[in-house]
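K.L.:
I would like the atomic coordinates for the input below:
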Amino acid sequence: VQLQAFGGGLVQAGGSLRLSCVASGSILSINAMGWYRQTPGKQRTLVAAITSGGSTNYADSVKGRFTVSRDNAKNTVNLQMNSLKPEDTAVYYCNAGLDVPTFGATRTRTFWGQGTQVTVSS
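P.N.:
Residues are numbered from 1 along each chain as shown. Coordinates of the predicted model:
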């Protein structure tokens with residue numbers, strides 16, 4: 001079971017980027033999915049999250065600019081980032097709570113993607 005993130009890159013301030021993350025492997029069901037970001041020397045913080053029912057939660061700093069969505073049929077979570085600012089520069093990590101088979105039972109585990117760099121130039 002793994003999460004693989006795509007997207008990211010270098011963009012000028014005011015521009016847009018889209019991140020995607022796909023969950024693959026022996027997955028029985030997916031609970032909440034989301035995105036976190038981290039800059040050097042700081043803790044990883046929540047950017048946006050979405051429940052299996054579609055309820056969303058955003059960090060105050062990205063409200064109105066970022067949109068999180070998911071495609072349950074494709075085990076994918078997306079983050080559309082608009083009006084990007086230099087302070088959005090960070091490594092972005094996808095996160096998901098996955099129900100996976102474990103020794104004959106079902107266990108909920110948290111998985112992280114590998115991280116993708118987003119750099120916004122001023």
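K.L.:
ok, Asp71 - contacts?
P.N.:
The contact partners of Asp71, by CB atoms under 8 Å, 6 or more residues apart in numbering, come to Asn78. Bear in mind the C-beta positions are built from the backbone N, C-alpha and C, glycine included.
K.L.:
biggest strand in this structure by residues?
P.N.:
Longest strand in the chain by number of residues, with DSSP state E as the criterion: strand 90-102.
K.L.:
Wait, a strand at Gln114?
P.N.:
No: read with DSSP: H, G, I helix; E, B strand; the rest coil, Gln114 is coil and lies in no strand.
K.L.:
Restrict the longest strand of the chain to CA atoms and write it as PDB.
P.N.:
Only the C-alpha atoms of strand 90-102 are listed here, as PDB (Å, rounded to 0.1, in the frame of the first residue of the first chain):
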ATOM      1  CA  ALA A  90       7.100  24.100   0.800                       C
ATOM      2  CA  VAL A  91       7.300  20.400   0.400                       C
ATOM      3  CA  TYR A  92       3.700  19.100   0.100                       C
ATOM      4  CA  TYR A  93       2.800  15.700   1.400                       C
ATOM      5  CA  CYS A  94      -0.400  13.800   0.800                       C
ATOM      6  CA  ASN A  95      -2.000  11.900   3.700                       C
ATOM      7  CA  ALA A  96      -4.700   9.300   3.900                       C
ATOM      8  CA  GLY A  97      -6.400   7.100   6.500                       C
ATOM      9  CA  LEU A  98      -6.700   3.700   4.800                       C
ATOM     10  CA  ASP A  99      -8.500   0.500   6.000                       C
ATOM     11  CA  VAL A 100      -6.100  -2.300   5.100                       C
ATOM     12  CA  PRO A 101      -6.100  -6.000   5.700                       C
ATOM     13  CA  THR A 102      -3.800  -6.900   8.500                       C
END
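K.L.:
So which residues of the chain form strands?
P.N.:
2-6, 9-12, 17-24, 29-38, 45-50, 56-58, 66-71, 76-81, 90-102, 105-112, 116-121.
K.L.:
ranking the ones you listed by burial, who's on top?
P.N.:
strand 76-81 (a mean of 22; mean count of other CB atoms under 10 Å).
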